[in-house]
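>>> Dropping a prediction and its sequence here:
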Amino acid sequence: MTNSKSVVILGAGAWGSALATLAKANDHKVHIWSRRSSRTLEKLVEDADIIVSAVSMKGVRDVVSQLQGLPLSPEIIFLTATKGLDPQTTCTPSQIWQEAFPNHPVVVLSGPNLSQEIQQELPAATVVASNVTSAAEVVQLVFSSNRFRVYTNADPLGVELGGTLKNVMAIAAGVCDGLQLGTNAKAALLTRGLTEMVRIGVHWGAKQETFYGLSGLGDLLATGNSPLSRNYQVGYQLACGKSLTEILTHLQGTAEGINTTKVLMLRSKQQNISMPITEQVYHLLQAEVTPRQALLELMLRDIKPEYNE
Ligand SMILES: NC(=O)C1=CN([C@@H]2O[C@H](COP(=O)(O)OP(=O)(O)OC[C@H]3O[C@@H](n4cnc5c(N)ncnc54)[C@H](OP(=O)(O)O)[C@@H]3O)[C@@H](O)[C@H]2O)C=CC1
Ligand SMILES: O=C(CO)COP(=O)(O)O
């Protein structure tokens, strides 16, 4: 097949494995690498067309620095699928990749993509975004199929922030359901959560409209309503009285929202941006408030117009 690409996926977790399944189903040559792999990264990336990073945030700088020492073809496209923020710099993963590889195109993939549903071959849609349109189109072709619809987008920062910021709201949504607060409360929470995502995201440099697409609202709806989301599970179990340590001991995989909440608190304080839901999620994760106290804090904030910001 002439359009067959060589795809190397870094990270053999839930998301790396699901992305591998999608690319393989389209007859691409796919190799998955993890830090436990017997095969060296150098050998694997030798003839790669696309390097996909599906490691969790805490692994991004490690894999970037491993790749930096290797001779890479200038044609290689980097695709990042991590939904997190760097705790030291507050940078997004794509900013880290682009800084390390300034001459390569970097593409972001993000959307409502619960990996378990994708592994069950249920239909889903996603967004691939880049400043280099041709690179986004290559990635679009590699992953598109009759069960995975891939849209391109020219706002990589907005696409990446949508998938990242919604993890904080997914924790809050889990709390909302765990406390059995009802459908009205959930709708209010997700809507005001989106307002908060837009507020900080636009200040960051992202486009407002991007947050109303698949990678923002779409992913917020998916993870804010599904027990398959690890972030949602964290919130749900906190509402049921478990401690964060207890929850993390049994959680399958990564809940990026925990780190993202801390990074967002830092950034919103530095830049004086109001993020009341994020702030309550932060206090809850620090065990400084109970879920009921967090709810009351939000309900008893000063009354104000819906849009004055
Ligand atoms: N699961 C999902 O539904 C989706 C997840 N995502 C995002 O994808 C990212 C990965 O999530 P997911 O696959 O679910 O998480 P998992 O916890 O299942 O996997 C994390 C992966 O990251 C690797 N990793 C962690 N630290 C390092 C490191 N220092 N060096 C090399 N590899 C490292 C792990 O390797 P090891 O196994 O060796 O620890 C593992 O392969 C997250 O940012 C998540 O938000 C995005 C969309 C959907
Ligand atoms: O981002 C996701 C789906 O789009 C996965 O959500 P969790 O990381 O909360 O499981």
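Noted; the coordinates are in hand. This is a predicted model, so every value here is computed, not measured. Ligands and ions are numbered 1, 2, ... in the order given.
>>> For this protein, which residues are neighbours of ligand 1?
11-16, 34-36, 54-59, 62-63, 81-84, 113-115, 253-254, 256 (Cβ under 6 Å from any ligand atom). No exception for glycine: its C-beta is placed from N, CA and C like everyone else's.
>>> Need the pLDDT of the spatially most central residue of the chain.
In the chain, the C-alpha nearest the mean C-alpha coordinate belongs to Lys83, at 2.3 Å (Cα atoms, centre = their mean). For Lys83, the pLDDT comes out at 98.
>>> just checking, next helix/strand downstream of the least confident helix or strand in the chain by mean pLDDT?
Every helix and strand of the chain was ranked by mean pLDDT, DSSP states H and E. The lowest is helix 41-45, at a mean of 94. In the C-terminal direction, the helix or strand that comes right after helix 41-45 (DSSP states H and E) is strand 50-53.
>>> Which secondary structure elements does that next one sit against?
strand 6-10, helix 57-68, strand 77-80, helix 133-143 (3 or more Cβ pairs under 8 Å, 6 or more residues apart in numbering; DSSP states H and E).
>>> any chance of those in TSV, plus distance to ligand 2, mean pLDDT and mean neighbour count?
Output for these, formatted as TSV (distance: least, Cβ to the nearest ligand atom, whole Å; pLDDT from 0 to 100; neighbours: other Cβ atoms under 10 Å):
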stretch	distance to ligand 2	mean pLDDT	mean neighbour count
strand 6-10	17	98	25
helix 57-68	11	97	17
strand 77-80	13	98	26
helix 133-143	14	98	19
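>>> To Arg292, which of the ones you listed lies closest?
helix 57-68 (30.2 Å; Cβ to Cβ).
>>> That closest one to strand 6-10, inter-axis angle?
Angle, helix 57-68 to strand 6-10, by axes from the mean of the first three to the mean of the last three Cα atoms, to 10 degrees: 130 degrees.
>>> What strand or helix carries Ile277?
helix 276-285.
>>> packing partners for that helix?
By 3+ Cβ pairs under 8 Å, 6+ apart, helix 276-285 packs against helix 156-178, helix 183-204, helix 230-239, helix 257-270, helix 291-299.
>>> and the last one, C-alpha only, in PDB?
Provided in PDB are the C-alpha atoms of helix 291-299 (Å, rounded to 0.1, in the frame of the first residue of the first chain):
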ATOM      1  CA  PRO A 291     -17.200  17.700  48.800                       C
ATOM      2  CA  ARG A 292     -20.300  19.300  50.400                       C
ATOM      3  CA  GLN A 293     -18.300  22.300  51.600                       C
ATOM      4  CA  ALA A 294     -16.900  22.700  48.100                       C
ATOM      5  CA  LEU A 295     -20.500  22.700  46.700                       C
ATOM      6  CA  LEU A 296     -21.600  25.300  49.200                       C
ATOM      7  CA  GLU A 297     -18.600  27.500  48.400                       C
ATOM      8  CA  LEU A 298     -19.600  27.500  44.700                       C
ATOM      9  CA  MET A 299     -23.400  28.000  45.400                       C
END
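>>> show me what contacts Ala54?
Ile9, Leu10, Gly11, Gly13, Trp15, Gly16, Leu19, Ala81, Thr82 (Cβ atoms under 8 Å, 6 or more residues apart in numbering).
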